[in-house]
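**Q** Quick one: sequence and predicted model below, then my questions.
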Amino acid sequence: MSRDFAFTVKKTRFDENYQPSDDTRLTTNFANLARGESREENLRNALQMIDSRFNALANWDNADGKRYSVVLDIVSVDIDVAGDGQTFPTLEMLKTDIVDHKTGETIEGVVGNNFSSYVRDYDFSVLLRDHNKDQPNFTIPDEFGDLHGKIFKHFIESESYKNSFDKPPVICLSVSENKTYVQTDNQHPVLGNEYLPNESSLTESYFKKMGLQVRYFMPPNSVAPLAFYFFGDLLNDYTNLELISTISTMETFQKIYRPEIYNANAAAGKCYKPSLKHSDYSLTLINYDRVERNHLAVQQGRFAKEHFIEPYQPILQQWSANCASSRI
């Protein structure tokens, strides 16, 4: 049996008073919003956008459109691979909960939503770039994403995860500029119209190694599909309110980060090819530095290489080779 890595789960409330801690990945979407002179206004506006979108989708028994509020917690996961108490920040996700102001009840939401990882930064921003630096044709390194996928599945199967969350995660990402999406006849009352891509992508392959399937849906009154990565049965394992909490949160982030796609002035048609070069879109009132974020991804990938991949390489290689297949 391979070494049983230990995980520590921490939660931090994401509200207008949120300030990133010293060990938070600065490329994380919510951390980027909480920086600079406009940080409180950024956060306040983003949270209001989430609540407004949630109430627009959860419109039954909600005449004034103010019945619900979404509460967000940042879930930070540290890993101890050597068993010596020294930890490395492995990944961050978001956890939603829903406050029903009519009943006074707080309803469990979904964990996942946003996903970030130092090791993923290393894989995409360091390993993949270095591998292709002097290559005439783009290729994927052998075993690309294997370690990251095994660590993620090991965390999902761990007691740390099971003691913290009742259901597997749902991660919601942007669609890819490199693919074309075709609308199908399948329609869900909350997720909306389902789309199918014309081909698989590197991101899909990477998340498949994490044990996750993907489906693409464009929710009602959205302008572009979202990618939903999940275990099990997305349509039947989660309630409508749980799904709405993910849609409202991640669609808001995407409107801020990729307005060319998610805040476009015309909705995707039955055949859709997204582009960040699209010019007919509206900006939100929230400041975001996309160039800085891409630059930081490289820095943080190098940080992972220096402080995790290289110093723990013998342990990680042995564990990865002996790692049992996922039970999910």
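**A** Cool, got the structure.
**Q** Now name the helix or strand holding Pro314.
**A** helix 313-322 (DSSP states H and E).
**Q** packing partners for that helix?
**A** Under the contact criterion of 3 or more CB pairs under 8 Å, 6 or more residues apart in numbering; DSSP states H and E, helix 313-322 touches helix 146-157. Every C-beta, even on glycine, is put in place using the N, C-alpha and C of the backbone.
**Q** Touching the helix it packs on from outside, list them.
**A** 5, 7, 77, 79, 90-91, 117, 119-120, 123, 161, 168-169, 206, 208-211, 231, 316, 319-320, 323, 326-328 (CB atoms under 8 Å, 6 or more residues apart in numbering).
**Q** Return the angle between stretch directions for it and helix 313-322.
**A** With axes from the mean of the first three to the mean of the last three CA atoms, to 10 degrees defining the directions, helix 146-157 sits at 70 degrees from helix 313-322.
**Q** okay, the helix or strand following helix 146-157 in CSV with CA atoms only?
**A** With elements assigned by DSSP H and E, the helix or strand that comes after helix 146-157 is helix 159-164. Once non-C-alpha atoms are left out, helix 159-164 reads as follows in CSV (Å, rounded to 0.1, in the frame of the first residue of the first chain):
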residue,chain,number,x,y,z
GLU,A,159,-11.6,11.1,5.4
SER,A,160,-10.7,14.8,5.4
TYR,A,161,-13.0,15.3,2.4
LYS,A,162,-15.8,13.0,3.7
ASN,A,163,-15.8,14.7,7.1
SER,A,164,-16.1,18.1,5.5
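**Q** what lines up beside the helix or strand following helix 159-164 in the sheet?
**A** Note on helix 159-164: by DSSP H and E, the next helix or strand toward the C-terminus is strand 170-173. Paired strands of strand 170-173, with direction, are strand 105-117 (parallel), strand 226-230 (antiparallel) (DSSP bridges).
**Q** Now the last one: average pLDDT?
**A** For strand 226-230, mean pLDDT rounds to 98.
**Q** any low-confidence regions in this protein?
**A** 1-3, 20-38, 287-295, 324-328 (pLDDT under 70).
**Q** Stretch 237-251: which residues count as buried?
**A** By neighbour count on 16 or more other CB atoms under 10 Å, the buried set for stretch 237-251 is 238, 241-251.
**Q** Now do that stretch: everything it contacts.
**A** 50-51, 53-54, 57-58, 68, 70, 72, 94, 96-98, 107-110, 112-114, 167-168, 170, 172-173, 189-191, 219, 222, 226, 228, 230, 262.
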